[in-house]
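> no letters, just coordinates:
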């Protein structure tokens, strides 16, 4: 649950009190940013009576409890809920380290491993890498999908040109996080169909992780050639 609230003493306590009144179990709170007198926090919570929509494994949570918590938080002055969505993240775990361990063990599959792991790392629905290229002197354009996570949509290729640097955007109502992989002539694309848009803090975190994975992949290629 992503919540925007006043960046002042007591504001966070008001939010946690509201969650406590409905019996929500707060597993983790992550501060994404503070700017202009406001803070944006991600709360990983579980609450009683919640159930998934039949046939859906992820996405915007649809339940009476969700509507209740939205209404109660909206009644707190200055507080707004930016999104509520299901996540497969495990609070307190270190999946990023596990990802790097697998990449070190098999650097040739570095990007495939990255794509498989990222959705759970950032509470997204899917991830993929798309080959990039240029037509003459024009901007870089999208080509074929190279790596795809389990839930990535078939035939998905973003519209527009490839971003020159890591960026967040939206395509057909799907929030996207894109990180170019310059050396591999690829672009990583992570999608979140429901919930809050990707935050700059999430983009920075993924970009740093991609940088390390790219270095390990290059090491693997050099070892294979040698």
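Happy to help now that I have it. Note that this is a predicted model, so its numbers are computed, not measured.
> distance check, residue 28 against residue 44.
To residue 44, residue 28 is 4 Å away according to C-beta to C-beta, to the nearest Å. In this view, the C-beta of every residue, glycine as well, is placed from N, C-alpha and C.
> those two: which has the busier surroundings?
residue 44 (17 against 12; other C-beta atoms under 10 Å).
> may I see the buried residues of the one helix or strand residue 15 maps to?
Using DSSP states H and E, residue 15 maps to helix 11-21. Across helix 11-21, burial judged by 16 or more other C-beta atoms under 10 Å covers 11, 12, 14, 15, 18, 19.
> the second one against residue 5, yeah?
Yes. Here residue 12 lies in contact with residue 5, judged by C-beta atoms under 8 Å, at a distance of 6.9 Å.
> which neighbours do those two share?
Shared contacts of residue 12 and residue 5 (C-beta atoms under 8 Å, 6 or more residues apart in numbering): 39, 41.
> can you find the helix or strand of the protein with the lowest average pLDDT?
Every helix and strand of the chain was ranked by mean pLDDT, DSSP states H and E. The lowest is helix 64-74, at a mean of 82.
> what packs against it?
helix 11-21, strand 80-83 (3 or more C-beta pairs under 8 Å, 6 or more residues apart in numbering; DSSP states H and E).
> quick one: low-confidence ranges for the protein?
Low-confidence segments of the chain (pLDDT under 70): 48-64, 90-95, 135-138, 220-226.
> which residue is the nearest non-sequential neighbour of residue 195?
Residue nearest to residue 195 in three dimensions, not counting chain neighbours: residue 85, with 2.9 Å by C-beta to C-beta, 6 or more residues apart in numbering.
> correction: residue 110
Using C-beta to C-beta, 6+ apart and skipping the chain neighbours, the partner closest in space to residue 110 is residue 217 (3.6 Å).
> which residues does the one you found contact?
103, 107, 108, 110, 111, 184.
> also residue 203?
By C-beta under 8 Å, 6+ apart, the neighbours of residue 203 are 166, 167, 168, 177, 179.
> how close does it get to residue 154?
Residue 203 is 26 Å from residue 154, by C-beta to C-beta.
> and residue 36, by the same measure?
Applying C-beta to C-beta to residue 36 and residue 154 gives a distance of 41 Å.
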